[in-house]
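Next comes the sequence, and after it the predicted model I'd like to discuss.
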Amino acid sequence: MEKKDNETQLTLEISDDVHSEPIESKQILKVLFGLMERGGDTNFIYLPTGFQELDKILLGGIQTSDLVVVAARPSIGKTQFVLNIAAKNLVMEDPIPVLIFTPEMTRSELLLRMLSYNTKSVLGVLEKGLRQETEWPKLENAACNLADVPLFIDDTANISFSELSKKAQSLKNKRGLGLLIVDGFSLMPPITLRPTRDDELNDLSRNFKCLAKELCVPVILTSYLSQRDDDGTDKMPVLADLANTGLDKYADLVLFLCVDNIHNKEKGKTDQVVDVSIGKNRTGSLDTVKIKMVKNYFYYKKQNGKFHERNVTS
């Protein structure tokens, strides 16, 4: 037990204090091998996304201190995708504290989506309050579960980067923090006024990457794709579509969401096949995973079959 506690303490010293003195490589190796000897417990390095095929490609999940971007055209499901990742890490045996900044919607709207995800109840029904008697038990159970997990939501409109980073650091110091999600990166005000909005977004991108390292937690940003790519075609987004934001340079992992129109031709279907395309991955390959978004219930589920590889040229 004492050995485990010592390793845990050293892990915290290595991962949390980015302003400390340089750490000798043998100390870091000692921690890594100690964790592997205990059965490969590398949760301090990786956070699962909840999608097995995607986690396999990512060699376990999202890495600590990664800046992750989830980008898509409007109404594809960026918010619900990141909420699925949050939910996966909140229902683990040892849930991690998750902080979500949501300048686009209110706390209540976001929690309704979480309830829809957990109960598989139609979101519109929950919003209108039209509940059947049989639905009450599962709604109450889901609400109790949400109340018991370390989920924190901030819906401050037009929040500045400075205020956001201070709130995140304060929460980490007081309650701990394992994952930070910012739903609406492109809506944030500039850190400093610059000649163009592109320059301002580049500043934000660079500072969010620094924040991920300072907090030593993954930071997930949702972003709209640039309008020049929104030409009505079915082509898969590429990294260049984020060039105006700087996210193409500073992100460690970029996930593009794109509706698969080949699999969505049948009208009236509530399931929508979505391609999750890895546009950038500093630690692995670039592939595409197919998943289903159940639109009325605002949750994603696994698409049957293997993931579909995408040929990539360097």
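Sure, I can see it.

in stretch 91-98, what's buried?
For stretch 91-98, a neighbour-count test (16 or more other Cβ atoms under 10 Å) marks 96-98 as buried. Placement of C-beta: from N, CA and C, glycine included.

and which of the residues you listed is nearest to residue 104?
Of all the buried residues of stretch 91-98, residue 104 sits closest to residue 98, with 17.5 Å by Cβ to Cβ.

Now do the contacts for the closest one.
86, 89-90, 149-152, 178-181 (Cβ atoms under 8 Å, 6 or more residues apart in numbering).

quick one: it from residue 252, how far?
From residue 98 across to residue 252, the span is 19 Å (Cβ to Cβ, to the nearest Å).

ok, now residue 273?
27 Å.

per-residue confidence averaged over the helix or strand harbouring residue 273?
Assigning secondary structure by DSSP states H and E places residue 273 in strand 271-281. The pLDDT scores in strand 271-281 average 90.

Repeat that for stretch 152-167.
For stretch 152-167, mean pLDDT rounds to 96.

Between residue 273 and residue 252, which has more neighbouring residues?
residue 252 (19 against 16; other Cβ atoms under 10 Å).

Apart from its chain neighbours, what residue comes closest to that one?
residue 66 (4.2 Å; Cβ to Cβ, 6 or more residues apart in numbering).

mind listing what the one you found touches?
By Cβ under 8 Å, 6+ apart, the contact set of residue 66 is 212, 218-219, 252-253, 282.

now, which of these sits nearest residue 164?
residue 219 (10.3 Å).

Phi and psi next, for that closest one.
Backbone geometry at residue 219, expressed as degrees, to the nearest 10, gives phi -120, psi 120.

residues touching it, list them.
66-68, 180-182, 208-209, 211-212.

Would you check which pair of these lies furthest apart?
Between any two of the contacts of residue 219 (Cβ to Cβ), the greatest distance is 15.4 Å, for 181 and 209.

where do the helices sit along the stretch 1-150 of the chain?
Ranges of helices within the stretch 1-150 of the chain are 2-16, 25-37, 52-57, 78-90, 107-119, 123-128, 136-148, based on DSSP state H, counting those that start in this stretch.
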